[in-house]
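K.L.:
What follows is a predicted structure for the sequence shown.
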Amino acid sequence: MKQIQWFPGHMSKTRRLISENIKLVDVVIELVDARLPQSSRNPDIDKIAESKPRIVILNKADIADDAANVEWINWFESQGFLAMTADSTTGAGFSKLQILLDKALAEKRLRDKEKGFRPLAARAMIVGIPNVGKSSFINKLAGKHAAKTGDRPGVTTTKQWIKLAGKYELLDTPGVLWPKFEDEEVALKIAFSGGIKDEILDIEELCCKLLEFLRDNYSEQLINRYKLVGDIALDVPRATEDGRPYIGNIQGFELLELIGKKRGCVISGGETDTFRAAALILDDFRAAKLGKITLELPPFA
């Protein structure tokens with residue numbers, strides 16, 4: 001597959017914006033996608049925000065593998081971060097943010113008190129790559145439509161300060177990637193999740209890669225979603241030693257064609273419209289219609 005790169009001009013501006021405004025905030029809240037917690041972390045943020053307390057929030061935890069969420073929280077905490085899971089749709093997990101903010105700001109508040117400074121509203125910067133759900137998170141937190149939202153990357157294009165009940169001020173920043181993906185697997189996972197515009201991708205190839213991952217790691221969800229049980233084309237799904245369905249080593253493009261036909265993505269002559277099928281499958285994954293799926297586990301998990 002052609003190497004994936006996407007770093008439009010506004011992202012360079014965003015990097016400068018974050019660097020220039022980091023001195024204005026007391027804590028940095030980094031949102032990551034719970035389905036790909038490490039791949040959805042911009043390595044530039046570690047350099048830019050190294051002097052500030054950090055909270056890592058695994059957003060979209062409701063559509064990630066529950067067991068993997070626990071492993072990732074434990075891993076981030078072992079690396080010295082304050083960490084929590086969140087669901088920006090229902091607000092699940094949000095109650096823990098106040099506790100983590102108090103922990104992150106405890107030393108600063110003590111220093112300010114010793115110096116006789118009057119307590120001011122704490123300022124936090126929200127950062128994250130495109131499509132991790134920053135705006136939805138802020139809107140749920142604020143209880144209103146304070147930030148623009150969308151299901152595509154690049155909706156937030158400028159910084160904006162948002163006040164929360166007089167106690168906190170949040171600086172929302174546009175999603176920003178880094179100039180070059182050194183690891184193709186990282187780029188693929190971000191593309192699977194919708195963090196890179198589909199318009200610049202070969203979505204058929206991308207979907208084939210996703211299908212092969214699901215075949216190897218979440219075959220039961222794949223079989224159930226697309227009703228593949230007993231299909232001759234799959235050489236009849238077998239069972240693993242622990243009893244889970246298994247669909248063998250069928251290649252991604254074969255799966256794409258088969259699922260496309262089952263979903264009516266057919267053109268004249270009876271051939272599968274693989275472009276349409278790929279778009280459908282990617283949409284299903286991003287909308288969690290295949291179930292709770294995590295694309296990576298912590299190092300040494």
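P.N.:
Looks like it arrived, so ask away. Numbering: from 1, shown residues only.
K.L.:
show me where this structure has strands.
P.N.:
Under the criterion DSSP state E, the chain contains strands at 27-33, 54-59, 82-85, 122-127, 160-164, 168-172, 238-239, 245-246.
K.L.:
rank these by mean pLDDT and give me the bottom one.
P.N.:
Note on those: lowest mean pLDDT is at strand 238-239, with a mean of 53.
K.L.:
could you dump the strands of the chain to TSV with mean neighbour count?
P.N.:
In this view, the C-beta of every residue, glycine as well, is placed from N, C-alpha and C. Putting the strands of the chain into TSV (neighbours: other C-beta atoms under 10 Å) gives the following:
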stretch	mean neighbour count
strand 27-33	25
strand 54-59	24
strand 82-85	21
strand 122-127	22
strand 160-164	15
strand 168-172	21
strand 238-239	10
strand 245-246	17
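K.L.:
how about those in a markdown table, adding distance to residue 73?
P.N.:
A markdown table is the format used below for the strands of the chain (distance: least, C-beta to C-beta, whole Å):
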| stretch | distance to residue 73 |
| --- | --- |
| strand 27-33 | 11 |
| strand 54-59 | 7 |
| strand 82-85 | 5 |
| strand 122-127 | 19 |
| strand 160-164 | 24 |
| strand 168-172 | 22 |
| strand 238-239 | 32 |
| strand 245-246 | 29 |
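K.L.:
Out of those strands, which is closest to residue 193?
P.N.:
strand 27-33 (5.5 Å; C-beta to C-beta).
K.L.:
now the angle between strand 122-127 and the closest one, please.
P.N.:
Comparing the axes of strand 27-33 and strand 122-127 via axes from the mean of the first three to the mean of the last three C-alpha atoms, to 10 degrees yields an angle of 30 degrees.
K.L.:
Remind me what strand 27-33 packs against, helices and strands.
P.N.:
Packing contacts for strand 27-33, counted by 3 or more C-beta pairs under 8 Å, 6 or more residues apart in numbering; DSSP states H and E, involve strand 54-59, helix 95-114, strand 122-127.
K.L.:
and with 6 Å instead?
P.N.:
strand 54-59, strand 122-127 (3 or more C-beta pairs under 6 Å, 6 or more residues apart in numbering; DSSP states H and E).
K.L.:
Reformat those strands as JSON lines; add distance to residue 212.
P.N.:
Rendered in JSON lines, the data for the helices and strands packed on strand 27-33 read as follows (distance: least, C-beta to C-beta, whole Å):
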{"stretch": "strand 54-59", "distance to residue 212": "25"}
{"stretch": "strand 122-127", "distance to residue 212": "32"}
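K.L.:
Of those strands, which is nearest residue 140?
P.N.:
Each of the helices and strands packed on strand 27-33 has some distance to residue 140 by C-beta to C-beta; the shortest is strand 54-59, at 10.2 Å.
K.L.:
residues in contact with that closest one?
P.N.:
Contacts made with strand 54-59 from outside it, assessed by C-beta atoms under 6 Å, 6 or more residues apart in numbering, are listed as 28-32, 34, 37, 76, 81-86, 88, 100, 104, 132-133, 137.
K.L.:
Report how many residues lie close to residue 97.
P.N.:
Counted with other C-beta atoms under 10 Å, the neighbours of residue 97 add up to 19.
K.L.:
give me every residue that touches it.
P.N.:
When the contact criterion is C-beta under 6 Å, 6+ apart, residue 97 has no partners at all.
K.L.:
Next: residue 111.
P.N.:
Residues in contact with residue 111 (C-beta under 6 Å, 6+ apart): none are found.
K.L.:
Give me the distance between it and residue 122.
P.N.:
With the distance defined as C-beta to C-beta, to the nearest Å, residue 111 ends up 13 Å from residue 122.
K.L.:
Same check on residue 186?
P.N.:
Note on residue 186: its distance to residue 122, by C-beta to C-beta, is 32 Å.
K.L.:
List the residues that contact residue 22.
P.N.:
So, once contact is read as C-beta under 6 Å, 6+ apart, residue 22 ends up touching residue 48.
K.L.:
Do you know the pLDDT at it?
P.N.:
pLDDT, the model's per-residue confidence, is 83 for residue 22.
K.L.:
Surely residue 193 is in contact with residue 33?
P.N.:
Yes - applying C-beta atoms under 6 Å, one finds residue 193 in contact with residue 33, separated by 5.5 Å.
K.L.:
which residues does the residue most central in space within the chain form a beta bridge with?
P.N.:
Central residue of the chain (C-alpha atoms, centre = their mean): residue 33, 2.2 Å from the mean position. Bridge pairing for residue 33 (DSSP bridges) gives the partners residue 59.
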